[in-house]
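1. quick one, structure for this:
(chains A and B)
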Amino acid sequence: MHWLHDLKQDWVGNVRADLLAGLVVALALIPEAIAFSIIAGVDPKIGLYASFSIAVITAIVGGRPGMISAATAATAVVMVTLVRDHGLQYLLACTILTGGIQIVAGYLKLARMMTFVSRSVMTGFVNALAILIFMAQLPELIDVPMMTYALVALGLAIIYLVPLVFKSIPSPLICIIVVTSLVWFFDLDLRTVGDMGALPDTLPMFLLPDIPLNFETLMIILPYSLAVAAVGLLESMMTAQIVDELTDTTGDKNRECIGQGTANLVTGFFGGMAGCAMIGQSIINIKSGGRGRLSCFFAGVALLFMILVLGDLVSQIPMAALVAIMIMVSIGTFNWTSIKNLREHPRSSSIVMLSTVLLVVYTHNLAIGVFCGVLLSALFFAAKIAQIFRVTSTLSDDGRARTYVVEGQVFFASAEVFEASFDYREALDRVVIDVSRAHIWDISSVAAVDMVTLKFRREGTQVEIIGMNEASETIVDKLGISDKPGALDKLLGH
Amino acid sequence: MKIIAFVDGSNYSQSVCDYAAWAAQGLPADVELFHILGRRSRTAEPVDLSGNLRFGERTDLLDQLSKADEQWMQLAQARGRAVLDDAVARVTEKTDQSVTMRLRHDDFVDSLIDYEKDAEMVIVGKRGEASGFAREHLGSNLERALRSAEKPVLVASFEYKPIDTCLIAYDGGKSIGKSLDFICASPLFKGVKFHLLLVSRDDAAAEAKVQAAKDRLKSAGIDAAVIIRDGHAENVIHEVSSEIGANLLIMGAYGHSRVRNFIIGSTTTAVVRACRMPLLMFR
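-> Okay, here's the model as predicted:
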């Protein structure tokens, strides 16, 4: 019964603002969908159909009202080689498989894996994405008539300066109108959207990808689908988090995974390419006042409507206008404070951020960059925690026995230091190793304790270990602290 | 024992306080007064349709939005405190039970569900803050509240009138059975006259049905007059209550599913809407 209330709130809680924001988003989605199709190497209609279908479906089944999903750069760059080597039909099949994988990920509740993606990795992801979007514009900026640069500069000036005067009309729209009129008026011979391939002329239609249904096909598309699924979910989860922060509300991350999957699955059957949530567009949506599901839904519908009605005009838009908008998107997506933070943040987190960016720019695969970023941050974290460790010792009065007290975290990263902390040269009758104030986290540390014992024995010293049971309580894979009353106090306290 | 009452600063808040004081004296029970700040107002937020992304747009936007929220919420909190202070003063004047207050950022129904667990009774106003405008409109919040509450809910009318005559809209259902248990067990209704109304054709079956209820009240020493009358429930209840001069209506709430109510309408909603006296609802 509560859900009915929430459902109503999500859809019609904010109708006027949602419709207005949806319209602004739709206007911004058109150039982006076209640009991302070009990145992937397919006709603009593939991206436009995708943007329509993904926006509408995620609006209905997604888990984060106020977030905008459509065809994106992040997913497009991953699919470039698939399109180049195998063609459009494989891209559609890959999109469908991506959707299936994402739905499974949603049911497996993999969204919680996001907790392992640190701030630095996220910043790296966002910056890498911005760089990729910018790089994708380079073909339109190299080896082109001088006029193009002038128009791009004019476009950028309009986008950034017009809002200083009035904010009631989206400045990218003004940019498109002014640049297109200039090109038309002076009859300039520049590349236009129409030159990049077909635009939609009908509603999207259901069709099965024309591919052989065999193992070989699966092996071709599976690696791409996995990468697209991962990248799509990553960007969606990050965007959801940004929307959460901006609106001070929480969305349902696992539902969002399933929603993204459903959107891609359906979109593949309607001739669209895989997409995900869009950071830039979602920010524009929130900025324009959109909060509910209606804004994303309306953005999708308005986009298709405008394309079908104004298709001829859209094909006249010079690429220069589009490039200007995409440069704006790239600049807006980039996290500029992260550059300033390079000096202030700990070096380890800067390294994580930079390696994520570099790997992505090198491989054009955001998934690889994020994966390595996560690994790196885990390593740095382990290295830091390994320092929380100390061995102190006292010699008995008669000089024949020594008691070592081990405190802190003993695990693979600190096991070596642990072994080296004992003085095996000292000839003693007896050694007591008190580990009751240490935590033994893994097999490496158990092996290290054994090795220390063995080494002392070889020197003819008797070894006694105290508190092994308490110390090794942490070794099990599931600590289950919540089930055992007082367990946490014990862990923190001893 | 405790009763919880919700005030929102609307016209109904005063009568909510008065009925809370009445219930507090009669039960007797302590009163906890709630004011819910609810969702943020969206009107305070800046809207920028320029559709572009500037340098550092994200942090700027976060700053702007949080500043707008902060300002609005500070105002809302100050107002909420004032509403609660007034309410506490009004209740304290009329009862010697302890009166406490709580200001929460929450959904009204969510906090009702959270806090009714250890309360004896819930008191709410019939309409919310916007009551000045839509006179016949029944807040969707009230219906949600009535459907969610496990404890008896007193829906306060616009004006407080001392309660001496009480009409029980008896339908033989489970909810109204709960109300009979409550009446029999509670000291709240000392000296109150009861009328049992059954909306039905007057035949043997109807009489047997209502007689059972009468006997039950009798066993607790309460003498109730019986009225059986045929017609549309909301009309009959209205007629009878003005005839006998009732100033409290007791009834069961929402016996049917939402879907059914959506199609054929709900008796409860109709009665609550038309009713000019406080209602005590049981589910």
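2. wait, A:Ser348 touches A:Phe380, no?
-> Yes. With contact defined as C-beta atoms under 8 Å, A:Ser348 counts as touching A:Phe380 (4.0 Å). For every residue, glycine as well, the C-beta is placed using N, CA and C.
3. the residue nearest to B:Asp114 when sequence neighbours are not counted: neighbour count?
-> Closest residue in space to B:Asp114, ignoring its immediate chain neighbours: B:Asp106 at 8.0 Å, by C-beta to C-beta, 6 or more residues apart in numbering or on different chains. For B:Asp106, the count of nearby residues is 17 (other C-beta atoms under 10 Å in any protein chain shown).
4. likewise for the one 3 residues further on?
-> Applying other C-beta under 10 Å, we find 22 other residues in the vicinity of B:Val109.
5. report the buried residues of stretch A:53-62.
-> Using 16 or more other C-beta atoms under 10 Å in any protein chain shown as the test for burial, stretch A:53-62 gives A:53-59, A:61-62.
6. before we move on, back to that, look up how far B:Lys94 lies from the residue nearest to B:Asp114.
-> Note on B:Asp106: its distance to B:Lys94, by C-beta to C-beta, to the nearest Å, is 27 Å.
7. hang on, isn't A:Trp336 packed against B:Arg54?
-> No. Contact between A:Trp336 and B:Arg54 fails when scored by C-beta under 8 Å: they sit 10.0 Å apart.
8. so the residue in the stretch 351-494 of chain A that chain B sits nearest to, which state does it fall into?
-> Across the stretch 351-494 of chain A, the shortest distance to chain B (C-beta to the nearest C-beta) belongs to A:Met353, at 16.1 Å. The three-state label given to A:Met353 by DSSP: H, G, I helix; E, B strand; the rest coil is helix.
9. cool, and A:Gly408?
-> Assigned with three-state DSSP, A:Gly408 falls in the strand class.
10. also the one 4 residues further on?
-> What three-state DSSP gives for A:Phe412 is coil.
11. ignoring the adjacent residues along the chain, who's closest to it?
-> Using C-beta to C-beta, 6+ apart, the closest residue to A:Phe412 is A:Ser444 (4.0 Å).
12. which other helices and strands contact the helix or strand encompassing the one you found?
-> Here A:Ser444, judged by DSSP states H and E, is contained in helix A:443-458. Applying 3 or more C-beta pairs under 8 Å, 6 or more residues apart in numbering or on different chains; DSSP states H and E, one finds that helix A:443-458 makes contact with strand A:401-410, helix A:415-420, strand A:430-440, strand A:462-466.
13. tell me the buried residues in the last one?
-> Think strand A:462-466. A:463, A:465-466.
14. export those to JSON lines and tack on distance to chain B and pLDDT?
-> Listed next are these as JSON lines, based on distance: C-beta to the nearest C-beta, whole Å; pLDDT from 0 to 100:
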{"residue": "A:Val463", "distance to chain B": "58", "pLDDT": "91"}
{"residue": "A:Ile465", "distance to chain B": "51", "pLDDT": "90"}
{"residue": "A:Ile466", "distance to chain B": "49", "pLDDT": "89"}
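15. which among the residues you listed gets closest to A:Ala263?
-> A:Ile465 (57.5 Å; C-beta to C-beta).
16. please name the bridge partners of that closest one.
-> Beta bridges link A:Ile465 to A:Ile433, judged by DSSP bridges.
17. from A:Val435, how far off is A:Ser421?
-> 12 Å.
18. give me the more crowded residue out of these two.
-> Taking other C-beta under 10 Å, A:Ser421 and A:Val435 do not tie; A:Val435 has more neighbours (24 against 16).
19. grab the nearest non-local neighbour of that one.
-> In space, A:Val435 is closest to A:Ala471, 4.3 Å off (C-beta to C-beta, 6+ apart).
20. what helices or strands is the helix or strand hosting that neighbour leaning on?
-> In the assignment (DSSP H and E), A:Ala471 maps to helix A:468-471. Helices and strands touching helix A:468-471, by 3+ C-beta pairs under 8 Å, 6+ apart, are strand A:430-440.
21. do that again at 10 Å, thanks
-> strand A:430-440, helix A:443-458 (3 or more C-beta pairs under 10 Å, 6 or more residues apart in numbering or on different chains; DSSP states H and E).
22. tell me which residues in that helix are buried?
-> Of the residues in helix A:468-471, A:470-471 count as buried by neighbour count, 16+ other C-beta under 10 Å.
23. for it, give the mean pLDDT please.
-> Mean pLDDT, helix A:468-471: 80.
24. how's chain A carved up into domains?
-> Taking automatic domain parsing as the domain assignment, the ranges for chain A are A:6-333, A:389-493.
25. which of the ones you listed has the lowest mean pLDDT?
-> Mean pLDDT is lowest for domain A:389-493 among the domains of chain A, at a mean of 84.
26. and B:Met251, that one's in a strand?
-> Yes. Judged by three-state DSSP, B:Met251 forms part of a strand.
27. contact partners for it?
-> With contact taken as C-beta atoms under 10 Å, 6 or more residues apart in numbering or on different chains, B:Met251 is in contact with B:167-171, B:173, B:175-176, B:179, B:197, B:233, B:237, B:267-268, B:271-272, B:275, B:279-282.
28. partner residues bridging it?
-> Applying DSSP bridges, one finds that B:Met251 bridges with B:Met281.
29. ok so, going back, which of the helices and strands packed on helix A:468-471 is buried the deepest?
-> The highest mean neighbour count among the helices and strands packed on helix A:468-471, using mean count of other C-beta atoms under 10 Å in any protein chain shown, belongs to strand A:430-440: a mean of 21.
30. now do it against helix A:443-458, angle only.
-> 180 degrees (axes from the mean of the first three to the mean of the last three C-alpha atoms, to 10 degrees).
31. ok so, going back, could you dump the helices and strands packed on helix A:443-458 to TSV with distance to A:Val80?
-> Putting the helices and strands packed on helix A:443-458 into TSV (distance: least, C-beta to C-beta, whole Å) gives the following:
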stretch	distance to A:Val80
strand A:401-410	44
helix A:415-420	44
strand A:430-440	47
strand A:462-466	58
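32. so which of those is nearest B:Leu49?
-> strand A:401-410 (53.3 Å).
33. so who does the residue of chain A found nearest chain B touch?
-> For chain A, the residue closest to chain B is A:Gly332, as judged by C-beta to the nearest C-beta, at 2.2 Å. Applying C-beta under 10 Å, 6+ apart, one finds that A:Gly332 lies in contact with A:130, A:133, A:159, A:279-280, A:283-284, B:52-58.
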